[in-house]
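> let's see this in three dimensions:
(one chain, ligands or ions: 1)
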Amino acid sequence: MNIFVRSFGVGIHQTLLKLQPDYECTLESLVGLIETPPQQEMGDYAFPCFTLAKVFRKAPVQIADELILDLQANLSESSLFESFSSLGPYLNVKVNSSEMAKQVLPEIHKGNWFSKNSLEQKTQVMIEFSQPNTHKGFHVGHCRNVALGDSLVRLFRYNGYQVIAANYIGDVGTHIAKCLWFYQEKNNESPPCIHKGEWLGELYTASTLALEGLTGSEKEETQKKISALLAKLEEKEPQITQIWEETRNWSLEDFEQIYKWLGTEFDHVFYESEVDEEGKQLVIQGAEDGLFQKSDGAIGVDLNDKKLGFFLLLKSDGNTLYSTKDLALAKRKFEEFGIERSIYVVGAEQTLHFQQVFATLKKMGYEQASNCFHLPYALVVMPEGKMSSRAGNVILFSKLQREMCDFVRINYLESHRESWSDGEIESTTRKVAVAAIKYGMLNQDPNKQITFSLKDWLVSEGDTGVYLIYAYVRIQSIVRKFENFDPQAEIDFELLKHSHEKALIRKLFDFNDIVYQAAEQYRPSLLTRTLFELCKDFSRCYSSCSVKHAESTELKLARLNLFSAVAVTLLTGLNLLGIEPPERM
Ligand code: ARG
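Here you go, the predicted model:
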């Protein structure tokens, strides 16, 4: 809680006690009600009087009117506030912006402001994200998970948690048998030199399409072949295992390239293949202990008491399921990594699966199961509808990357071709393209569907990643023009009186709270919105509060100090989204 909110709360508390001595309420409960008014002109903080109506037996509007004078008298000594007003049922207060500036600007320039959130936390958190399957194509939809997971890792770290960024790669299962069947029996091409994993994904797609096209005995035959291949894979028959290893590596190499390009790192990578056997043992043990039940030779767990049905854990032929492996995976997370809070970033279509997994873990006696959380997210669709391999509108990663980069080079960097090195052109291209993708994936709440549009995401005006990095580059270039500017030098905060300057100061002041909320609510979109508004506020402020034409040197320095703090904050915020802006564009 910040000092302004707290003091405002103290003022209200004293006022209430004076007017109604027998009224029982804690300072904390009052402070918890304080909000930010929708418009800056109304004030900086507002206290709603609705809850007081019962005690005072009056309408909230009337209460606000009656309280305002006393409140003003109570807080008149405080230099933190400028003015008070009652507005309908609200008590509003305007803070003294130079006081606010004094609190935040020097701290930003000293580098202390952005570590404020990390003071208390120590909890071990694992955030599992991305989790692609080998032998399948990595497409634009998968980028949403990467952007979301990666940003959450950064946000949680900022807030002081000990975070392990984890991946869990799907390298076993039916999809692999399907892909390898096609690879061995239908395919005549040899693999390309690059993007071999993507090529495998195309074989997998071709395989499912081919299967769908078959009927009758032919279909049966093929399905048998695929099952036999799967059995061989599960038995680890040497010849097919060798092919599995080779092709699996093609996918893994692709993934590595993708993460590198996106600037995403993992602290640990799990593979489904490594928890397979352990999962099986856990389930067999669970059945022996009477925890799980046998049904037609298969093993499952009865979760009807939780309204979650019967959850299958092992097939009747003894082969493992997706669920089998999730039990062993969770066990590892708890026991080997000492995880206290476990977050799974996985599509919303797996909601029931995770409810069942967590309920099963609970039954198995894992208390940590109550700190497991599935963060579901909605689909990425194309303007014409859902992506599907049959409709042929799946944008594979390499194509996405190529088209984005081409667009950036042609539309933004052409004019620099002569003067910049190839290296700078390339690295800037990547940064802009990544900013566009990540921002597009993050400026929507996880539960909302996203419509992917390369052109819309790459424009430099409006709510896009490109707009934000342009703003950053622009502020940097403004500040850079004043060579002798020293952000540590003393400034006169009283000079920052313009309402546009005040708006900026308030945004900087609120930054840490927003980052805290963005992590706790699993909504990086809270941060994208704040940064977008910060950039708009900056533009507005810069056009009315010039640095160059400032009335005095002192004012010029104060403005530069403010604007450079905006740049640092913007950079910090963008980094929390996994975006790295270039220094010039
Ligand atoms: N690889 C899986 C899929 O593509 C997602 C894995 C999610 N994580 C988990 N622990 N089950 O559907």
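
> how many residues are close by the residue nearest to residue 417 when sequence neighbours are not counted?
Leaving aside its chain neighbours, residue 417 sits nearest to residue 425 (6.7 Å; criterion: Cβ to Cβ, 6 or more residues apart in numbering). C-betas here are computed from N, CA, C, even on glycine. Counted with other Cβ atoms under 10 Å, the neighbours of residue 425 add up to 17.

> again with residue 147
For residue 147, using other Cβ under 10 Å, the count is 26.

> check contacts around it.
Neighbouring residues of residue 147 by Cβ atoms under 8 Å, 6 or more residues apart in numbering: 262, 437-438, 441-442, 577-578.

> look up how far residue 537 lies from it.
Distance, residue 147 to residue 537, using Cβ to Cβ, to the nearest Å: 25 Å.

> near the ligand, which residues of the chain show up?
The chain comes close to the ligand at residues 128, 131, 133, 168, 170, 326, 329, 344, 346, as judged by Cβ under 6 Å from any ligand atom.

> among the residues you listed, which are in strands?
Members of the residues of the chain next to the ligand lying in strands (criterion: DSSP state E): 128, 168, 344, 346.

> now tabulate those residues in JSON lines and tack on neighbour count and pLDDT.
Putting these into JSON lines (neighbours: other Cβ atoms under 10 Å; pLDDT from 0 to 100) gives the following:
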{"residue": "128", "neighbour count": "23", "pLDDT": "98"}
{"residue": "168", "neighbour count": "24", "pLDDT": "98"}
{"residue": "344", "neighbour count": "26", "pLDDT": "98"}
{"residue": "346", "neighbour count": "21", "pLDDT": "98"}
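
> show me what contacts the closest residue to residue 482 other than its chain neighbours?
The shortest distance from residue 482 to any non-neighbouring residue, by Cβ to Cβ, 6+ apart, is to residue 560 (5.8 Å). By Cβ under 8 Å, 6+ apart, the residues touching residue 560 are 479, 482, 485, 547.

> nearest to the ligand among the residues you listed?
Of all these, residue 479 has the smallest distance to the ligand: 44.1 Å, by Cβ to the nearest ligand atom.

> find the least confident helix or strand in this protein, judged by mean pLDDT.
Every helix and strand of the chain was ranked by mean pLDDT, DSSP states H and E. The lowest is helix 53-56, at a mean of 87.

> residues contacting it, please?
With contacts defined as Cβ under 8 Å, 6+ apart, helix 53-56 is touched by 20, 23, 59-60, 63.

> quick one: that helix to chain centroid distance?
When distances are taken as Cα atoms, centre = their mean, to the nearest Å, helix 53-56 is centred 42 Å away from the chain's centroid.

> and residue 437, what element?
Per DSSP states H and E, residue 437 falls inside helix 422-442.

> in the stretch 301-450 of the chain, what residue comes closest to the ligand?
Of all residues in the stretch 301-450 of the chain, residue 346 sits closest to the ligand, with a separation of 4.4 Å (Cβ to the nearest ligand atom).

> could you measure from that residue over to residue 415?
Distance of residue 346 to residue 415, given as Cβ to Cβ: 43 Å.

> rewinding a little: bridging residues for the residue nearest to the residue of the stretch 301-450 of the chain closest to the ligand when sequence neighbours are not counted?
Excluding its sequence neighbours, the residue lying closest to residue 346 (Cβ to Cβ, 6+ apart) is residue 374, at 6.2 Å. For residue 374, the beta-bridge partners under DSSP bridges are residue 344.
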